[in-house]
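*Asks:* how does the following fold in three dimensions:
(one chain, ligands or ions: 1)
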Amino acid sequence: CRVRHYKFNVVTRNATKLCSSKPVVTINGQFPGPTLYAREDDNVLVKVVNHVQYNVSIHWHGVRQLRTGWADGPAYITQCPIQPGQSYVYNFTITGQRGTLLWHAHIFWLRATVHGAFVILPKLGVPYPFPKPHKEVIVVLAEWWKSDTEAVINQAMQGGLAPNVSDAHTINGHPGPVPNCSSQGGFTLPVQSGKTYLLRIINAALNEELFFKIAGHKLTIVEVDATYVKPVKLDTILIAPGQTTNALITADQNSGKYMVAASPFMDSPVAVDNLTATATLHYSGTLASTPTTLTTPPPQNATAVANKFINSLRSLNSKTYPAQVPSTVDHKLFFTMGLGVNPCPSCAAGNGSRVVGAMNNVTFVMPTTALLQAHYFNISGVYTTDFPANPPHVFNYTGTPPSNLQTTNGTKLFRLSYNDTVELVLQDTGIIAPENHPLHLHGFNFYAVGRGLGNYNPKNDSKSFNLVDPVERNTIGVPSGGWVAIRFRADNPGVWFMHCHLEVHTTWGLKMAFLVNNGKGPNESIIPPPADLPKC
Ligand code: C2O
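*Replies:* Presented below is the predicted three-dimensional model:
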């Protein structure tokens, strides 16, 4: 293993898309940002220098950060932000992981333009558990707003309903041809007939789950969230913000140009957005004037297509990469989650009410001191550890909004002992928006042992849990009006954020955090913080 040094200069630059220009915050002037490469076991050092007028922090989404929560990145959870003119070196080691992840800003909505791919290669000499591809291609999906995203957040916080949706989706920074804006081309993926390519697909969008497909070609999924899966061949993949998917594609045509499409799944009904981002798969030797073979993206409510993808994923569970599902459970937790409406007489918009997000009826309030610092240095008054293991009212979803969705505000954590095993059922309350909630857990991968629609029934539903080869992920879509059950082992001491990866829902409070105590063994406690850790 070796040490990888990267430098991230946070700088503003002007960007023109959809025939309009605006200044955007970027890393090193790039959108999407630079790709980080490392191998399993490498030590990664990223020096982030903040040259802009905003506070900044960067999260290495899906990197386990064993005992190094100081390098995880969510602002006010594991670190104070890097202030204008300051810098911070994120220092962590990649342990037991290989595959595609992403990095992104983890403060306000800065990740709209501050994100990129994180590729972890297997240890030197260790092959992939699938045929070696001819080439690897990074495909970053995102969104683009013509307006300033900070203004969009303020609008979301005003009270009313959903904020503006983005003006376009993008594939590697390009929306593809846009009506009335002829100057914009799209991303081109050059291929040679007969060769196989590995696409490392990342959803870096703020607020959209996306379908992804390629005309005339099938995708063989081999990995999700940097964990290997049993290969499965499909037309369409579904990818939520924060998720990653590695898919093989064989260029099995002789020539031609084929449309690549990324389109939204289950937008909020009040903010319908039909924009499909397009790119082109281009066979070598094909004339530029050749017409492109088109594909029709699934409709936005194509739940069957989504379910087909979700239900087809299984851990590879091979000798080399066994699934390690906890077989016994120390904590059985049940969290309701979703959106609700609370009274807000002082809100500027929204007729005296505002949208809030909550888990177990708690709307999480961001602290002003980072939680990990408060925990490590015993600073009192920053958080409490009384996050409930169950909702305060028995939840029964009958299809109409129940009246017990009033929430209370608090910075509440759930405390776990080192190495505790957890089974967590996440029940979506299905109120207001029909979207899935892509729930992301920092610091751990988990196994998705069960999933269903309607109310979770502990007696019957737990009987059908897959404890053999469930998919292992760091971000999972909790179905609208349904539930998922996950299991993980709390083998990482620290404070670990868990939140909906739709940024607007995080903003509204759909988030909480776990506090994992140190263990008693020699390598079971949080390593001391680095000297340059930012102060609040
Ligand atoms: Cu990718 Cu807490 O985020």
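*Asks:* go ahead and confirm G33 touches V24.
*Replies:* No: using C-beta atoms under 8 Å, G33 makes no contact with V24, being 11.1 Å away. Using the backbone N, CA and C atoms, a C-beta is placed for each residue, glycine as well.
*Asks:* who has more neighbours out of these two?
*Replies:* G33 (24 against 21; other C-beta atoms under 10 Å).
*Asks:* from the ligand, how far off is N246?
*Replies:* 18 Å (C-beta to the nearest ligand atom, to the nearest Å).
*Asks:* oh, I was asking about L238
*Replies:* For L238, the distance to the ligand - C-beta to the nearest ligand atom - is 17 Å.
*Asks:* contacts only, for that residue.
*Replies:* 209-212, 265, 305-306, 309-310, 477 (C-beta atoms under 8 Å, 6 or more residues apart in numbering).
*Asks:* helix or strand right after the one helix or strand H5 maps to?
*Replies:* Assigned by DSSP states H and E, H5 falls within strand 3-17. With elements assigned by DSSP H and E, the helix or strand that comes after strand 3-17 is strand 20-27.
*Asks:* just the CA trace of the helix or strand of the chain with the lowest mean pLDDT, in PDB.
*Replies:* Among the helical and strand segments of the chain, the one scoring lowest on mean pLDDT, DSSP states H and E is helix 149-157, with a mean of 77. The C-alpha coordinates for helix 149-157 follow below in PDB (Å, rounded to 0.1, in the frame of the first residue of the first chain):
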ATOM      1  CA  THR A 149     -28.600  26.900  -5.400                       C
ATOM      2  CA  GLU A 150     -28.200  28.800  -2.100                       C
ATOM      3  CA  ALA A 151     -31.200  30.900  -3.100                       C
ATOM      4  CA  VAL A 152     -33.000  27.600  -3.700                       C
ATOM      5  CA  ILE A 153     -32.300  26.300  -0.200                       C
ATOM      6  CA  ASN A 154     -33.500  29.600   1.300                       C
ATOM      7  CA  GLN A 155     -36.700  29.100  -0.600                       C
ATOM      8  CA  ALA A 156     -37.000  25.500   0.800                       C
ATOM      9  CA  MET A 157     -36.500  26.900   4.300                       C
END
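*Asks:* from the chain's centroid, how far away is it?
*Replies:* 20 Å (C-alpha atoms, centre = their mean, to the nearest Å).
*Asks:* would you mark the buried spots in it?
*Replies:* Residues 149, 152-153, 155-157 are the ones in helix 149-157 that count as buried (16 or more other C-beta atoms under 10 Å).
*Asks:* circling back to that earlier point, among the contacts of L238, which ones are in strands?
*Replies:* Mapping the contacts of L238 onto strands (DSSP state E) picks out 209-212, 265, 477.
*Asks:* leaving out chain neighbours, which residue sits closest to the residue in the stretch 1-150 of the chain that the ligand sits nearest to?
*Replies:* Scanning the stretch 1-150 of the chain for the residue nearest the ligand gives H61, at 3.7 Å (criterion: C-beta to the nearest ligand atom). Once flanking residues are discounted, H61 sits nearest to L102: 5.0 Å by C-beta to C-beta, 6 or more residues apart in numbering.
*Asks:* for that neighbour, list each beta-bridge partner.
*Replies:* H61, A117 (DSSP bridges).
*Asks:* if I look at it, how far off is I120?
*Replies:* Distance, L102 to I120, using C-beta to C-beta, to the nearest Å: 11 Å.
*Asks:* what about the two, which has more around it?
*Replies:* More neighbours surround L102 than the other of L102 and I120, with 30 against 21 (other C-beta under 10 Å).
*Asks:* for that one, report the pLDDT, please.
*Replies:* In this prediction, L102 carries a pLDDT score of 98.
*Asks:* tell me who's in contact with it.
*Replies:* 61-62, 115-118, 140, 202, 204, 242, 244.
*Asks:* next: V140.
*Replies:* V140 neighbours (C-beta under 8 Å, 6+ apart): 32, 102, 115-117, 171-173, 202, 204.
*Asks:* list just the nearest of those residues to N390.
*Replies:* Comparing the contacts of V140 against N390 with C-beta to C-beta picks out L102 as the nearest, at 33.0 Å.
*Asks:* show me where pLDDT drops low in this structure?
*Replies:* 159-164, 182-184, 267-274, 348-351, 397-405, 431-434 (pLDDT under 70).
*Asks:* around the ligand, pick out the residues from it.
*Replies:* 59, 61, 74, 104, 106, 242, 440, 442, 497, 499, 501 (C-beta under 6 Å from any ligand atom).
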